[in-house]
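**Student:** okay, here's the prediction I keep looking at, along with the sequence it came from:
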Amino acid sequence: MKKKFGIKAENSNSDNQTTNSVDMAIQWYPGHMTKTKRMLVTQMGLVDVVVELLDARVPLSSRNPDIDTLAKDKKRVLVLNKADLANPDTTARWEEYFQNLGFFALAVNAKENDKKKSGTNHLTAILQNVMKEKSKQQQKRGRINVPTRAMIVGIPNVGKSTFINQLAGRASTATADRPGVTRGRQWIKVDNQFDLLDTPGVLWPKFEDKIVGLKLACTGAISDNVVDKITLAGHLISMLMEIDSGALVKRYGVEGGALEDIGAARGFKMKGGVVDIERAAIMVLDEFRGGKLGRISLEMPE
């Protein structure tokens, strides 16, 4: 699989990982994403509505701007997935924000087995509302109980396959905790009411805002194989210090959030007593992504 990516890290200093002066530009656009985008274009005419999954922790950064162009003539539903990892008050504000922009918006936790607890059960009512007028027209023509065809789109690792499996009540699609695992297109029938088209996760070729790339890397939407984990963890810590510094103190028992202090507190020592900063960086990233630092949103609606 061909990949196009670039990383630029300037003024990186392992002794001071929380500085905002570190400049880290991330570009990651595997070759198969070009093919996926072409597929979205050709399949868009087959669907009635486009359901775009966002990461509730970074709703703006996880919105692929290409979707606005590709789905400009379609009904749109925005699903804020991984709501269990995000600040619930902030997520509620994001739902209101998107609704005020004219979208249907819904917060869910697709990993929750119970549909009611996960929030995915509300999607049925939303899609019925979205398609209300078209359903009336179909009934007038004698077409009754025609399934709504919905395309599920989103960036890598946002949880599309898990979301569809939750809706279908079975393991219909392959899932994995790494970006880009879904291959090809898959149609899944749900309760004879909906035909869902699952699609591979797709990013856009260039992040105009460096912070967008950083946030996506922090949440795991960009492969860890193409990022400097120490620098990335430093950026994450900087954001956490501004948003909820108490989360770091509570989890690691250290003030200031320096990776060296966190690693020392966890006993990550190498030969000669040197702190293994890379191991500490990997732990901080993994624990943020797994919600062990608490329910934290990295973005607030303006």
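**Tutor:** Perfect, I can see it now. Numbers count the residues shown, from 1 in each chain.
**Student:** and the helix or strand harbouring Gln166, what does it pack against?
**Tutor:** Element membership of Gln166, judged by DSSP states H and E, is helix 160-168. Helix 160-168 makes packing contacts with helix 115-118, strand 148-154, strand 186-190, strand 194-198 when contacts are defined by 3 or more Cβ pairs under 8 Å, 6 or more residues apart in numbering; DSSP states H and E. C-beta coordinates here come from the backbone N, C-alpha and C atoms, glycine included.
**Student:** so which of these is nearest Ala71?
**Tutor:** Evaluated with Cβ to Cβ, the helices and strands packed on helix 160-168 place strand 148-154 nearest to Ala71, the distance being 7.7 Å.
**Student:** now the angle between strand 186-190 and the closest one, please.
**Tutor:** Orientation of strand 148-154 against strand 186-190 (axes from the mean of the first three to the mean of the last three Cα atoms, to 10 degrees) gives an angle of 130 degrees.
**Student:** tell me where this protein has strands.
**Tutor:** 5-10, 23-28, 49-55, 75-81, 104-107, 148-154, 186-190, 194-198 (DSSP state E).
**Student:** run a quick neighbour tally on Asp198.
**Tutor:** Neighbourhood size, Asp198 [other Cβ atoms under 10 Å]: 21.
**Student:** what do you get for the one 4 residues further on?
**Tutor:** Neighbour count for Val202, taken as other Cβ under 10 Å: 24.
**Student:** right, and it touches Asn64 too?
**Tutor:** Yes. If you go by Cβ atoms under 8 Å, Val202 and Asn64 touch, sitting 6.5 Å apart.
**Student:** joint contacts of the two?
**Tutor:** 153, 155 (Cβ atoms under 8 Å, 6 or more residues apart in numbering).
**Student:** for the stretch 201-302 of the chain, give me the ranges with low pLDDT.
**Tutor:** 204-206 (pLDDT under 70).
**Student:** again, 80 this time
**Tutor:** By pLDDT under 80, the weakly predicted segments of the stretch 201-302 of the chain are 201-209, 226, 302.
**Student:** report the mean per-residue pLDDT for the helix holding Gln166.
**Tutor:** Averaged across helix 160-168, pLDDT comes to 86.
**Student:** can you say which of the helices and strands packed on helix 160-168 is nearest to Glu133?
**Tutor:** Of those, nearest to Glu133 by Cβ to Cβ is strand 148-154, at 12.3 Å.
**Student:** by contact count, what packs against the closest one?
**Tutor:** Strand 148-154 sits against helix 31-43, strand 49-55, helix 122-130, helix 160-168, strand 194-198, with contacts defined as 3+ Cβ pairs under 8 Å, 6+ apart.
**Student:** how does it look with 7 Å?
**Tutor:** strand 49-55, helix 160-168, strand 194-198 (3 or more Cβ pairs under 7 Å, 6 or more residues apart in numbering; DSSP states H and E).
**Student:** now distance to Met300 too, for those, in CSV please.
**Tutor:** Listed next are the helices and strands packed on strand 148-154 as CSV, based on distance: least, Cβ to Cβ, whole Å:
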stretch, distance to Met300
strand 49-55, 14
helix 160-168, 24
strand 194-198, 31
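**Student:** out of the ones you listed, nearest to Asn81?
**Tutor:** Among these, the nearest to Asn81 by Cβ to Cβ is strand 49-55 (5.0 Å).
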